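Colleague: sharing a model that was predicted from the sequence below.
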Amino acid sequence: MSDAPKLSKTDEEALALHSAEPAGKIALKATKPMATQRDLALAYSPGVAAPVRAIADDPDAVYDFTSKGNTVAVVSNGTAILGLGNLGPAASKPVMEGKAVLFKRFADIDGFDVEVDYTDPDKFIDCVAGFGDSFGGINLEDIKSPECFDIEARLRERLDIPVFHDDQHGTAIIAAAGLINACELTGRSFDDLRVVLIGAGAAGLSVLELIKSLGVQDDHVTIVDVHGVVHDGRDDLHERLRRHARKTKLRTLSDAMIDADVMLGLSAGGVVTPAMVKSMAADPIIFAMANPIPEIMPDEIKAVRSDAIIATGRSDFPNQVNNVLGFPYIFRGALDVRARTINEQMKLAAARALADLARQDVPDEVGAANKAEGLRFGRDYIIPSPFDPRLISFVPPYVARAAVESGVARKPIEDQTRYAHRLARRLDPMAALQQRVTASIRGQNKRIVFAEGEEPSVIRAAHAFQSQGLGEAILVAREDRAKANMRALGVPDDTLTIVNARLSDRNSDYADWLYKRLQRKGYLRRDVQRLVNNDRNVFSACMLKFDDADGMGPGVPRHFTNTLFDVSLVLDPAPGRRVIGLAAAVAQGRTLLIADTNVTEFRGGRPGRDR
């Protein structure tokens, strides 16, 4: 009888996914046509000789004539796979393939997994250095500590491309972003923070070094590892950890937690007790990032501290410290300026970008992806969602600019706005169309009335429209309801014009005119007055008719046909024109505009019959 553990339902589903034909998660796709003899002649022999000679004359031309500038090697020796330990390079391949998929999904970077069968650091370094320059960057993954520190440092010296150990720096960047916002919410400054770091591995020390770059003082940090507090009297510390040891009488985690402002956990589940949390300073900031079980569960924290700001590494709690927020966009920015390395300035820039993005208004699609409504900056939203579509166009420009300013970029970005637009188009085929529409209306200062102005999604859209400088937004709504929802969304309640249809001083003018238009169609005066008072689409259309607005966004809760009927009560098509519905569809990377499936009904039949 087998002693193998029983597989969970998730394990079975994961195995089925990985084994389905074709096995694995990645494949190669040609980017140039290979359909004719001419195609082959240009792409291979004899045409390929031309770029070969060009690169031989100028090695940097490899970025112009090959895909190097959009490639990253995801490299591991399998000595620290997830939380499973040293299982070897072959066992690491599913993880490395997964990382390559994330590069493509979130930043449109071609990642190639490379598993190296060397545990000796010198041999591993020689191997990676030998093939490293074939790629635009190297992402080191799942390499055990402390060897990973030396491996990364020496490869950075030997290679003229970014080398980045994500297990160290990815977590550090996301945690730093969250800490920036947690300090903002609690009114703290970094130079006053008293920090306890639990866990002195690769990620823990990288987090520590990054927050020290933000201003945290050496003598305000207490590190605790499996043997207790890291102090200057210990003789069992490796070189990198020894640099952070300080003179202190503290010896236990319980002692260290007393009056601490911040707890950063990168250790093991359950090592922190409620009593320790209770002893912390007011408004404690607790990042319990051990996975899958945090150092202390959020409900245990809340039971003793209602004032805590909490982050974990899990997706089922708010404020997830998720590396996918970092590495794709850091490499995207580094590759786009052909950076020679990823330095401290670039990591700090990424952290600040993520912190800034979390403070922006959160799009509805982010809430839908997270199955959470009303997401906005606050104690439960200090870190952006990994599904925020703006990450690709928001974070890389910060990183690219830092690379240029710190002198490690080969190719500076000439126009930051155009660069951000180009980034948005990499993953969103609709972005190009949206950018053209936005560019065409910016500066015209049109007045757009948003009919259902009490709906949260409409308020968000109106606020985004106006704050982006696209024009003036007008909400048709009851003022008290609209302002209450604006405050709930984090939108300043004095930034948008609100018009109450029933109380408007234009109400009687609209009703008088509309009655004259509709009286011969069976509408009584009281019917028309009720429409103007209660139907916000009708009222908004009247605003257009009387030149009190230039355009309108019809109601969200109603079907297209009903909305069109409401508007047609007030407005007629321009002479010689007709009303159409326009739908946009994205298929295989292309944007298709389809007209008309909303207004004009197609009646099928045999040739010769009415249609």
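Modeller: Sure thing, it's come through.
Colleague: please count neighbours and contacts with C-alpha atoms only from this point.
Modeller: Fine.
Colleague: which residues are contacting the longest helix along the chain?
Modeller: Using DSSP state H to define each element, the chain has its longest helix at helix 166-186. By C-alpha atoms under 8 Å, 6 or more residues apart in numbering, the surrounding residues in contact with helix 166-186 are 139-142, 189-190, 202-208, 210-211, 283, 285, 287, 309, 319, 321-323, 325-327, 347-348, 350-355, 378-379, 382-383.
Colleague: buried residues, it. List them.
Modeller: In terms of neighbour count (16 or more other C-alpha atoms under 10 Å), helix 166-186 has its buried residues at 166-183, 186.
Colleague: next one: stretch 254-273
Modeller: 256-269, 272.
Colleague: show me where the stretch 201-350 of the chain has its strands.
Modeller: 221-225, 228-229, 262-265, 285-288, 309-312 (DSSP state E, counting those that start in this stretch).
Colleague: what would those strands look like in a markdown table with mean pLDDT and distance to Asn77?
Modeller: A markdown table is the format used below for the strands of the stretch 201-350 of the chain (pLDDT from 0 to 100; distance: least, C-alpha to C-alpha, whole Å):
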| stretch | mean pLDDT | distance to Asn77 |
| --- | --- | --- |
| strand 221-225 | 95 | 25 |
| strand 228-229 | 92 | 30 |
| strand 262-265 | 96 | 26 |
| strand 285-288 | 97 | 28 |
| strand 309-312 | 96 | 27 |
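Colleague: could those be laid out in JSON lines, adding distance to Thr591?
Modeller: JSON lines is the format used below for these (distance: least, C-alpha to C-alpha, whole Å):
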{"stretch": "strand 221-225", "distance to Thr591": "53"}
{"stretch": "strand 228-229", "distance to Thr591": "58"}
{"stretch": "strand 262-265", "distance to Thr591": "45"}
{"stretch": "strand 285-288", "distance to Thr591": "42"}
{"stretch": "strand 309-312", "distance to Thr591": "38"}
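Colleague: quick one on the thing from earlier: mind listing the strands the helix or strand following the longest helix of the chain pairs with, and their directions?
Modeller: Downstream of helix 166-186, the next assigned helix or strand under DSSP states H and E is strand 195-198. Counting by DSSP bridges, the strands paired with strand 195-198 are strand 221-225 (parallel), strand 262-265 (parallel).
Colleague: buried ones in the longest one?
Modeller: Which is strand 221-225. For strand 221-225, burial by neighbour count (16+ other C-alpha under 10 Å) applies to 221-225.
Colleague: restrict it to CA atoms and write it as CSV.
Modeller: The C-alpha trace of strand 221-225 is given here as CSV (Å, rounded to 0.1, in the frame of the first residue of the first chain):
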residue,chain,number,x,y,z
VAL,A,221,15.9,48.2,13.8
THR,A,222,15.9,44.9,15.7
ILE,A,223,16.4,41.7,13.7
VAL,A,224,15.2,38.4,15.1
ASP,A,225,16.2,35.1,13.5
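Colleague: which residues in the stretch 101-250 of the chain form helices?
Modeller: Secondary structure of the stretch 101-250 of the chain by DSSP state H, counting those that start in this stretch: the helices cover 121-131, 147-158, 166-186, 202-213, 239-242.
Colleague: the last one: which residues count as buried?
Modeller: The reference is to helix 239-242. Leu241.
Colleague: quick check: pLDDT value at Ser206.
Modeller: At Ser206, the predicted lDDT confidence score is 92.
Colleague: actually Asp316, not the one I wrote
Modeller: As predicted, Asp316 sits at a pLDDT of 86.
Colleague: cool, and Thr341?
Modeller: Looking at Thr341, the pLDDT reads 96.
Colleague: show me how the record splits the protein into domains.
Modeller: 34-64, 169-321, 324-436, 442-572 (automatic domain parsing).
Colleague: out of those, which is closest to Cys127?
Modeller: Of all the domains of the chain, it is domain 324-436 that lies closest to Cys127, at 19.0 Å by C-alpha to C-alpha.
Colleague: so what's the gap between that closest one and the chain middle?
Modeller: 7 Å (C-alpha atoms, centre = their mean, to the nearest Å).
Colleague: repeat for stretch 493-504
Modeller: Put simply, stretch 493-504 sits 34 Å off its chain's centre (C-alpha atoms, centre = their mean).
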